[in-house]
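here is my input, please return the structure:
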Amino acid sequence: MTSAAQTLTAQQLMFCREYVATKDLGATKAAIAAGYSKHTAYVQGSRLLRKVPIKAEIARLIEQRTNRVDVTADMLIQELRKLAFYDIRRFYDGAGGMIPINQLGDDIAPAVVGINVSPPRRRKGYQVQGSIKSIR
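Residues are numbered from 1 along each chain as shown. Predicted structure coming up:
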């Protein structure tokens, strides 16, 4: 625990954790979740965010989460870019046949949402694996 966190009350620490955990970083929601009154949560949240030890603890928690997850906004944007600009022709070989899924490159494989496979068949007493009908 940091020295800033040591100066905070349990309720203030809970506010910091809730503030970081909420998707929109909402001070009012965090204040309510930390046990502050619903009627004063807006004012309390705003007041708490102005305190230097609270700011420091929130920054520490955000940095800790970023290090733990080890995913940056740039990484997410790069992955979304791959999905947005993939070329469907890369799913097929030169003869127009579908490339086996295990041979798709790492830059195109994330674009696959689902695979429709024909059901397995029996031939001469042996079960034959189904084949890929389409890729979504």
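
when you work out contacts or count neighbours from here on, use the C-alpha atoms and nothing else.
Fine.

tell me the domain boundaries of this protein?
As given by automatic domain parsing, the domain ranges for the chain are 3-69, 74-135.

reformat those as JSON lines; add mean pLDDT.
Output for the domains of the chain, formatted as JSON lines (pLDDT from 0 to 100):
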{"stretch": "domain 3-69", "mean pLDDT": "90"}
{"stretch": "domain 74-135", "mean pLDDT": "80"}
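
winner for burial among those?
Mean neighbours per residue, mean count of other Cα atoms under 10 Å, is largest over these for domain 3-69, with a mean of 16.

and Pro119, how far from Gly125?
Computed as Cα to Cα, to the nearest Å, the Pro119 to Gly125 distance reads 16 Å.

ugh, typo on my part, it should be Leu8
Leu8 is 72 Å from Gly125, by Cα to Cα.

Thr7 and Ile54 touch, don't they?
No: the pair Thr7 and Ile54 does not pass the contact test of Cα atoms under 8 Å, sitting 9.4 Å apart.

what lies in contact with stretch 97-107?
Residues from elsewhere that reach stretch 97-107, judged by Cα atoms under 8 Å, 6 or more residues apart in numbering: 82, 91-93, 109.
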